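[1] Give me a model of this one.
(one chain, ligands or ions: 2)
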Amino acid sequence: MGATEATLGVIREMAAAMEEHRGYLTKLDSEIGDGDHGTNMHRGFQAALERLDGAELNTPADVLKAVSMALISKVGGAAGPLYGTAFLRASTALADKEEVSGEDVAAALEAALGGIQQRGKAEVGDKTIVDALTPAVEAAKGAGGGSVAEVFRAAAAAAEEGAVSTVEMTARRGRASYLGARAVGHRDPGATSTQLLLEAAARSLGSE
Ligand code: ADP
Ligand code: MG
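    Ligands and ions are numbered 1, 2, ... in the order given. Next up is the predicted model:
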């Protein structure tokens, strides 16, 4: 399978994960936000699938760019523009490559994190997407010599730990920051969707 097809497979698996876990993400967001994160992510990935359907896609970067445009244009709230920026930066990092290595994936994830931090100004410990994606990038770089599937597996495992680490945090960014100490004891929805997206990518690429 070519890298463009593989990237499409990753996005389809991500969309399926956002459908499957819509209720869970919304429940997490109703505890420390406004209860729309699952709906937002589901809507965004459905829009991405629609945009990909029939689009001319020659490279993995073309796929990621189409996803970015769908997320930015169809998802309100904080997470849509943040994830949209992440996919756009990942697309730019892959440029016109027709094949993608584990190192390329690690670089694309690092670029995605850079975009989210530039736009959202969150640091590790603020109880956001950044708490899952930062350890994921570190793990991906550590596994960069491996296959694309190995890199995503390492990133997903680290993202899960990162998402779990948000339970004990107070939030310094996003809606949950209005809650102060009341956010402690609740897992961050955005860090959790990052974990689920990376797990979906790893699953879609199989056991290579
Ligand atoms: P909204 O908060 O506008 O309702 P969502 O519910 O879709 O948007 O997304 C909420 C998630 O967005 C939070 O759980 C958090 O992980 C993430 N988030 C919010 N602000 C930021 C930020 N500045 N940087 C990174 N992630 C953020
Ligand atoms: Mg919300």
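
[2] host element of Thr170?
    Assigned by DSSP states H and E, Thr170 falls within no helix or strand.

[3] in this structure, which ranges drop under the pLDDT threshold?
    Across the chain, the ranges flagged by pLDDT under 70 are 208.

[4] residues from it in reach of ligand 1?
    By the rule Cβ under 6 Å from any ligand atom, the part of the chain lying against ligand 1 is 29, 33-34, 36-37, 40, 77-79, 82, 116, 120-122, 128-130, 173-175, 188-191. Just so you know, the C-beta spots here come from the backbone N, C-alpha and C atoms, and that holds for glycine as well.

[5] Double-check Gly125 against Asp131; I have them as touching.
    Yes: here Gly125 reaches Asp131: they are 7.0 Å apart, a contact under Cβ atoms under 8 Å.

[6] ok, back up a step: out of the residues of the chain next to ligand 1, which sit inside helices?
    Counted as lying in helices by DSSP state H, out of the residues of the chain next to ligand 1, are Asp29, His37, Asn40, Ala79, Leu82, Ile116, Gly120, Val130, Pro189, Gly190, Ala191.

[7] what does this protein put close to ligand 2?
    Asp29, Gly33, Asp34, Asp36, His37 (Cβ under 5 Å from the ion).

[8] okay if I get the ones in helices among the residues of the chain next to ligand 1 as CSV plus neighbour count?
    Converted to CSV, these look like this (neighbours: other Cβ atoms under 10 Å):
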residue, neighbour count
Asp29, 28
His37, 27
Asn40, 27
Ala79, 28
Leu82, 24
Ile116, 26
Gly120, 20
Val130, 27
Pro189, 33
Gly190, 34
Ala191, 27
